[in-house]
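Peer 1: what follows is a predicted structure for the sequence shown.
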Amino acid sequence: MLELPKAYDAKIAQSKWLKFWNEKGYFHADPAKPGEPYAIVIPPPNVTGALHMGHALNNTLQDVLIRWRRMQGYNALWMPGTDHAGIATQAVVERLIFNTEKKTRRDLGRDALVEKIWQWKDKYEKRILGQLQEMGASCDWQRTRFTLDDTCAKAVRETFFRMFRDGYIYRGKRLVNWDAQLQTSVADDETYTEDTKGGFWTFKYPVVGQPETFIRFSTTRPETMLGDTALCVHPSDERYKHLIGQKVLQPLVNREIPIIADGLLADPELGTGCVKVTPAHDPNDYACWQRNPQIGILNILNPDGTINVNGGPYAGLARDKAREAVVKAMDELGLFEGKEDRVIPLKYSDRSKTPIEPYLSDQWFVKMSDFEPTPHRAGDVSPPSDADANRVTRGADAPRSEKPGLAQMAIDAVKDGRVQFFPKRYENSYLDWLGEKRDWCVSRQLWWGHRIPVWHARITCTTPHQVVASFFQDGLIEDLSLGSDNDVAVCKVVRSSDGELITDFVAEAKRVDDIVRKNEDQDTADVPLPEPVSYDIYICSLSDEWAKSHIPPVFTQDEDVLDTWFSSALWPHSTLGWPEETPELKRYYPTSTLVTSRDIITLWVARMVMTGLYNTGEVPFKHVVIHPKIMDGFGEGMSKSKGNGVDPLDIIELYGADAMRFGVVSLATETQDSRLPVSNVCPHCGTLIPQKKEHQSGRTRQIVCPGDKPAGVTCGKPFRPSGPWLDEDPELPTAKGASDRFEMGRNFANKLWNATRFILMNLEGYTNAPLDPKALPTEDRWILSRLATTAKAVTDALNAYRFSEVTRLVYDFAWNEFCDWYIEMSKGRRTDPACQRVLVGVLDGIVRLIGPVMPFLAESLWQALNEVAPTRGLLESKPAEESACIAAWPNDLGVFIDDTTEGSIARMQDLVRGVREIRNRYILDKTPLDLSVKCNDVVAMELNALAPFVKLLGGIATFACGPAVKKPKQSGSIVRPDFEAYVPLAGLIDNATESKKIEKEITQKQKLLDVTVAKLGNENFVKGAPPEVVEQQRNSLVELETQLKTLRANLAELQGT
RNA sequence: GGGCGUGUAACUCAACGGCUAGAGUGCCUCCCUUACAAGGAGGAAGUUGGGGGUUCGAAUCCCUCCACGCCCACCA
């Protein structure tokens, strides 16, 4: 017989089976092999980040699904990989280089910096993938991708090219969130808003031509006054009506600006009712300018956040200095009216933690709204003139134009069910966000990323002749194949002055000609020469090689890289080899399930659907599973700076990978958040000390391991709580974060380990044969029925992505039914072949059911079982699979389901529990005790059949049953109503206490009886409720009456009456 | 302001219109019974946030109030 160690050793199991699985190659998906495909692409973790509990949850859930489908016989692919995470990674490496070498990125240069980031990436990618492996993730590691690798780059290039060609990508001036520190634009979602101490200044501008007339306005950002191009009031505001159309003087830069009326911008209730308009530095003002283009737009900032030449005398000043100077100057002019301190919500950049500056700059956009793209020609390489139209038609339910745009395509896919969300409510965030159809700014002023494959030149023509010469006679455009079917490059030409896309060059040449001719016709000596005309020429090329040999040197490649999400958006098809028609793409696309968290539903999920549909015509995945976010015990997000984070690797170290996985799967409910109370682990003795709020964010410098516990349990030594510490402190070691919630999984693993150990020790002479339920004793039928019911429930839960239910179901069945009851009952039947087969068969089933969640444990038990019982099976006898990874999922056990037997055993359990309660409450010594039990015929038969139960009563009671047991006439005996056992208790109990207890019970039962009587007396209930509910109420009425009778008799006996 | 969610035992969560609202942890009592003390047996502990309503029947559905969380928008 196989003798296993006394406890489950997670570490040994992990190293052993990881190696075994790798060697066997179970996780490699081969498109040539049979089986219904089931594919998941991993949400690629950021290469620079360490894995946190969110990753642990996210990846464990994917692994559960993949392992489960693999066991079901699917051809299962889990595609792993990492994300280059543009801004985050570059920022980290830049900071590192600055800290170590005191060099900025400009000192290094583009190539050197990118080279350094690649080195960094190689190192951290290895680490992060290794961590995933340690968690047991059964990814197809041979296929590991990176969003910047050649395969992905090819897909990115192809997508950009097609979008450029088809007019989905355009160049536009836009107000972007400018990070003046990193000197890049950042997306809305890469910013956060924080209440910040600021001010609310009130100034006045003098009205031109009306001495002593001023108009007052307030602002939170005085420095932007340099860029004011108007003052704005509400059209119906009586106070200012007469001033609309007048001008005021901006005294600092000596510019006259108009007073305009705009009901959307000005709110008469707010401040003075008059607001300054700075289109280039405020999103609302920008919108106002779009409605009132005549006021003009003036950018006053340099990319580094200092004031530019438009700021006149303030040029060169940093923003805060400019603010001081402007206020001072206004004050000196007597135009400053006062300042109020105010807390202002200010946007910050997530990466550099510096304030965001709304900044006007040239960016590349992907058009989201509906339009009619004309391939190869009419791309919209201009600022959108339809901004207002967008606003009117926004919303997922807005009327559709003929040709749905990217956003609409993605909306439709969810609305018609091609993509389904679990839980369904998350569809809302997706649809609402896409419904806005806001264009997507895809350029980033970074070096780390996919470089934008567009070459640009500006050609300025001083004579119309030159235009013609440049465009036609030199043959430049023809060569570049504008409008032809060139599939390597596309060229677009834009008139610089107004951004008009030029598609008809003959017409354009004629237009310029006409202007010149008009000038010549005037025939005066001092005719001004025609204004020079400039054209911006953009060439997008699919291939760098082609670009090198074909694009004239006057063109330069765009310096920017693409938003990280651009490559992430392609992930489901790019990783499978698109645009090549690979076998993988054909077999696994569309993928099956995407598992992610709710905060990237818009950023990532929506964009994957869009690009998937655009590139392949098919949705990227059918199901989107959104799992909760893991919070600490106070419901707050985990973060490094708070120090309330838990490292999954520490959990693996402390409790094992199976326990970690079991824990996080248990947390995966359908709620938004899950709480995981965090403890500090004493670095000296390992005791877990629950984290308090004051321990967070470095507010507590020192914790002393509690000394009031027994010696040896805690050590009483001081340490530093887990937190944002930058340095090591030799005196005070820093605690790790952990959580005792993972004990549940560890204990469960050990329980199963020991159940297996017990079974394997008792398999002397084991042979296997199929089991016929009809020929088996009650308890065997019962446990097989419970196994079948559990297996079905687990399968249902997985199908519906109710993960926490999976762990709960298996835990309850394995521990509370199999171990606590069936194994105990089996102890009287050690050599019974049927019992051995049931033990092995049920254990085998449990191992399969827990396999997806606890793969290391499952494999350990599986291999042990294979040694002793290599041939097994409940319905047919066959050799077991060589690994739990590829063991068949139990889904054909329905024949064992037997409700009658489950009911009998449930009654028996009640009875046994009742006896145990009496023993525990009253019989503290081990005096053997005669216990007579009277029960009805059905129970009696069951009990006779289940004779070994007597042992469950503790081995000190005798157990008599049958129809004719008389109540012993013995003073001090007590009858428990729920099982009618007569227990002699003379001298063992305190009559007063017990009387009280019984009185309380009588009150409760009487109340319940009254309710039941009332119910049954209610005609509506008898008619309206389902018959089985009525029947059950009738039964419980009879039962309650008996119970009350018994209780009253007990009470009378106790009180000696 | 708009949307989504949460509130059940001391803590973390189940229960999704129907048996006396259940687990795990913690707490109390007993037990190292040869699978397991990372264990076994039992116990105490709940006005299901408050208030209305619908229903024969509500933790569950509706209304309302309170508290909390997340997302989006706005805040000169």
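Peer 2: Alright, I've got the coordinates.
Peer 1: what pLDDT does the closest residue in space to A:Met71 that isn't next to it in sequence get?
Peer 2: What sits nearest to A:Met71 in space, not counting adjacent residues and going by C-beta to C-beta, 6 or more residues apart in numbering, is A:Trp889, at 4.2 Å. Glycine gets a C-beta too; all of them are placed from N, C-alpha and C. pLDDT, A:Trp889: 95.
Peer 1: and A:Trp889, helix, strand or coil?
Peer 2: coil (DSSP: H, G, I helix; E, B strand; the rest coil).
Peer 1: and it, what is it in contact with?
Peer 2: Contacts for A:Trp889 (C-beta atoms under 8 Å, 6 or more residues apart in numbering) come out as A:68, A:71-73, A:795, A:848.
Peer 1: how does it look with 7 Å?
Peer 2: A:68, A:71-72, A:848 (C-beta atoms under 7 Å, 6 or more residues apart in numbering).
Peer 1: can you check A:Gly86 too?
Peer 2: Taking C-beta under 7 Å, 6+ apart as the contact definition, A:Gly86 lies against A:444, A:446, A:448-449, A:561, A:564.
Peer 1: for A:Ile651, same thing?
Peer 2: For A:Ile651, the contacting residues are A:660, A:738, A:742, by C-beta under 7 Å, 6+ apart.
Peer 1: any chance of those residues in CSV, with neighbour count too?
Peer 2: Formatted as CSV, the contacts of A:Ile651 follow (neighbours: other C-beta atoms under 10 Å):
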residue, neighbour count
A:Met660, 30
A:Ala738, 23
A:Phe742, 25
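Peer 1: and of these, the nearest to RNA strand B?
Peer 2: Distances from RNA strand B to the contacts of A:Ile651, taken as C-beta to the nearest atom of the strand, are shortest for A:Phe742 (10.2 Å).
Peer 1: am I right that the closest one falls within a helix?
Peer 2: Yes - per three-state DSSP, A:Phe742 lies within a helix segment.
Peer 1: per-residue pLDDT, it?
Peer 2: At A:Phe742, pLDDT is 94.
Peer 1: do A:Asp910 as well
Peer 2: Per the predicted model, pLDDT is 77 at A:Asp910.
Peer 1: also A:Arg291?
Peer 2: pLDDT recorded at A:Arg291 is 78.
Peer 1: and the strands in the stretch 551-700 of chain A?
Peer 2: Along the stretch 551-700 of chain A, the segments classed as strands by DSSP state E, counting those that start in this stretch run A:556-557, A:561-562, A:591-597, A:621-627, A:629-632, A:673-676, A:679-681, A:688-690.
Peer 1: let me fix that: the stretch 301-450 of chain A
Peer 2: Under DSSP E, counting those that start in this stretch, the stretch 301-450 of chain A gives strands at A:336-349, A:356-366, A:420-422, A:440-441, A:443-444.
Peer 1: who touches the longest one?
Peer 2: To tie it back to what came earlier, the one meant is strand A:336-349. A:177, A:179, A:186, A:190-204, A:216, A:220, A:327, A:330, A:354-356.
Peer 1: how about it against RNA strand B, any contact?
Peer 2: Yes - applying C-beta under 7 Å from any atom of the strand, one finds strand A:336-349 touching RNA strand B at A:344-345.
Peer 1: quick check, central residue of chain A?
Peer 2: A:Ser597 (1.2 Å; C-alpha atoms, centre = their mean).
Peer 1: just put the contacts of A:Ile651 in JSON lines and tack on distance to RNA strand B.
Peer 2: What follows is the contacts of A:Ile651, written out as JSON lines (distance: C-beta to the nearest atom of the strand, whole Å):
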{"residue": "A:Met660", "distance to RNA strand B": "13"}
{"residue": "A:Ala738", "distance to RNA strand B": "13"}
{"residue": "A:Phe742", "distance to RNA strand B": "10"}
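Peer 1: how many other residues sit next to the residue nearest to A:Lys640 when sequence neighbours are not counted?
Peer 2: Distance criterion C-beta to C-beta, 6+ apart; nearest residue to A:Lys640, sequence neighbours excluded, is A:Pro724 at 6.2 Å. A:Pro724: 12 surrounding residues under other C-beta atoms under 10 Å.
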